[in-house]
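J.: predicted model and sequence below, questions to follow.
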Amino acid sequence: MTYSTHLSPTASPAVVLRQQDDHDRAFLHGLYLSRRWAEVSAVPGWHDDQRRDFLVSQAELQRQHYEKHYPAADFLIIEQAGLPIGRLCVNRQANDVRIVDIALLPAWHGQGIGTQLLQSLLAEADALGRSCSLSVEQGSPARRLYERLGFQSGADSGLYTQMQRPVRPVAQEDLDNP
């Protein structure tokens, strides 16, 4: 299944979301490395091959964890102009739309793509009468974006803070003008 979302005219052209498959594993490893490389670069005594091997193993553990704990989730690849630029994992439940993971390659940060995807998910949650939740790492700059979009901090679980955007009723004019 392929989804398409059109961003504002000032942002990039159409972003396509498609189901990830086994052919995406190398891209997902690279995406994970791009997110964690600075962290493991601080580990003394490791050379780059060791860092890369460690991060690939961590990416695989993350994949296994997500598949085990979110078997019904949509595991999506974010594409722009036919190239993968990120991933989105969304687990829809009866009362909540859980954003399990959202990540873009660094070159695509700050272009409004993540914001537009989050706004789209929030609109979906609102239309369904559901809250929207996610986890964010302590100190992550993404937390400011989540707060601007109405997410509220909840429990801290060590490295992560749980955040939730409460259910928002859809305005009647939105129902009248789909």
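T.: Looks like it came in fine. Worth saying up front: this structure is predicted, and the values here are computed from it rather than measured. Residues are numbered from 1 along each chain as shown.

J.: show me where this protein has its helices.
T.: 25-41, 48-69, 113-128, 142-148, 172-176 (DSSP state H).

J.: tell me which of those lies nearest to residue 80.
T.: Across those, residue 80 has its closest neighbour in helix 113-128 (7.5 Å, C-beta to C-beta). C-beta coordinates here come from the backbone N, C-alpha and C atoms, glycine included.

J.: what is the mean pLDDT for the closest one?
T.: In this model, helix 113-128 has an average pLDDT of 96.

J.: so where's this structure uncertain?
T.: Where the chain drops to pLDDT under 70, the residues are 1-13, 170-178.

J.: hmm, what's the outermost residue in it?
T.: In the chain, residue 45 marks the outermost C-alpha relative to the chain mean, sitting 32.0 Å out by C-alpha atoms, centre = their mean.

J.: ramachandran coordinates for that residue?
T.: Here is the backbone geometry of residue 45 (degrees, to the nearest 10): phi 90, psi 0.

J.: and it, how far from residue 149?
T.: 41 Å (C-beta to C-beta, to the nearest Å).

J.: list the contacts of residue 135.
T.: Counting by C-beta atoms under 8 Å, 6 or more residues apart in numbering, residue 135 touches 157, 160, 161, 162, 163.

J.: sorry, slip of the keys, the one I care about is residue 28.
T.: 20, 59, 63, 87.

J.: and it, how far is that from residue 37?
T.: Between residue 28 and residue 37 the distance is 15 Å, computed by C-beta to C-beta.

J.: what's the answer for residue 169, then?
T.: Distance of residue 169 to residue 37, given as C-beta to C-beta: 43 Å.

J.: next: residue 14.
T.: According to C-beta to C-beta, residue 14 stands 29 Å off from residue 37.

J.: same check on residue 159?
T.: Distance from residue 159 to residue 37, by C-beta to C-beta: 18 Å.

J.: those two: which has the busier surroundings?
T.: residue 37 (14 against 11; other C-beta atoms under 10 Å).

J.: check the gap between that one and residue 111 for me.
T.: Residue 37 is 21 Å from residue 111, by C-beta to C-beta.

J.: got it, and residue 128?
T.: Taken as C-beta to C-beta, the span from residue 128 to residue 111 is 28 Å.
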